[in-house]
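Peer 1: coords please:
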Amino acid sequence: MPLLILVRHGESEWNLQNRFTGWIDVDLSQRGVEEAHNAGKILKKQNFRIDAVFTSVLKRAIRTTEIILQELGLDGLHYEMDQALNERHYGQLQGLNKQEIGEKYGFDQLKIWRRSYDVAPPGGESLKDTQERVLPYYKKHIEPLLREGKNVLISAHGNSLRALVMYLENLSKEEVLELNIPTGVPYVYELDNDLNIIKKEILENQL
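Peer 2: Numbering: from 1, shown residues only. Purely as a prediction, here's the structure:
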């Protein structure tokens, strides 16, 4: 049975500073580097075979991918990069501090901008917008590999992965509002031949 492994990149410099990042190309923090190494070590301990790897075009996800592959002894494995897997674009909020935005506009509005399905921040994307680029890419490039029985690793972002998990787990708009994917924690889905979920495992604190 194929495995689909999802990993949100390690903590970035702007995660650390509590700033909206979106498409701004910031690097991992030191903690983020450690989280990426830990994710790789956890996957190595599980002895999963990795056949194909996909990531975004943003350096925090690419660097996480490279560190994980290094830990798995797969440094030379080719991986695909595509903008379709980028974090959602936060528009005018990019670069701003989340606490300050909450104080200015209210923390209920902040949660709606951060977590809701179909409300976009000013000049940015909603989760629905993000899903409308993630899912076609997933269905065209990743589902065929899973149907062949290949194990696929996707190293991406909080919202591009939330969009995908919403689809995989058939979550409602209300359920996805509460979904938060932590940095550097592998989510492992075992799928049947029709790509239905047989088992889901969150590999947290596995070392």
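Peer 1: at which residues are the strands of the protein located?
Peer 2: Using DSSP state E, the strands found in the chain span residues 3-8, 52-55, 80-81, 152-156, 187-191, 197-202.
Peer 1: dump those to a markdown table, plus mean pLDDT, mean neighbour count and distance to F107.
Peer 2: The C-beta positions use only the backbone N, C-alpha and C, and glycine is treated the same way. Shown next, in a markdown table, are the strands of the chain (pLDDT from 0 to 100; neighbours: other C-beta atoms under 10 Å; distance: least, C-beta to C-beta, whole Å):
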| stretch | mean pLDDT | mean neighbour count | distance to F107 |
| --- | --- | --- | --- |
| strand 3-8 | 98 | 24 | 23 |
| strand 52-55 | 98 | 22 | 32 |
| strand 80-81 | 98 | 14 | 35 |
| strand 152-156 | 98 | 27 | 27 |
| strand 187-191 | 98 | 20 | 27 |
| strand 197-202 | 97 | 12 | 27 |
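Peer 1: got JSON lines for the ones you listed, with distance to H89 too?
Peer 2: Listed next are those as JSON lines, based on distance: least, C-beta to C-beta, whole Å:
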{"stretch": "strand 3-8", "distance to H89": "17"}
{"stretch": "strand 52-55", "distance to H89": "17"}
{"stretch": "strand 80-81", "distance to H89": "17"}
{"stretch": "strand 152-156", "distance to H89": "14"}
{"stretch": "strand 187-191", "distance to H89": "23"}
{"stretch": "strand 197-202", "distance to H89": "27"}
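Peer 1: how about the ones you listed, which one is nearest D108?
Peer 2: Evaluated over the strands of the chain, closeness to D108 peaks at strand 3-8, with 24.7 Å, by C-beta to C-beta.
Peer 1: what's the angle between that closest one and strand 152-156?
Peer 2: 10 degrees (axes from the mean of the first three to the mean of the last three C-alpha atoms, to 10 degrees).
Peer 1: who does strand 3-8 touch, helix- and strand-wise?
Peer 2: Helices and strands touching strand 3-8, by 3 or more C-beta pairs under 8 Å, 6 or more residues apart in numbering; DSSP states H and E, are strand 152-156, helix 158-168, strand 187-191.
Peer 1: so the residue lying closest to N151 once chain neighbours are set aside bridges to which residues?
Peer 2: In this structure, N151 finds its nearest non-sequential neighbour in L3, 4.3 Å apart by C-beta to C-beta, 6 or more residues apart in numbering. Judged by DSSP bridges, the bridge partners of L3 are E190.
Peer 1: which residues does the residue lying closest to L177 once chain neighbours are set aside contact?
Peer 2: Excluding the flanking residues, the one nearest L177 by C-beta to C-beta, 6+ apart is R115, at 4.9 Å. Counting by C-beta atoms under 8 Å, 6 or more residues apart in numbering, R115 touches 127, 176-180.
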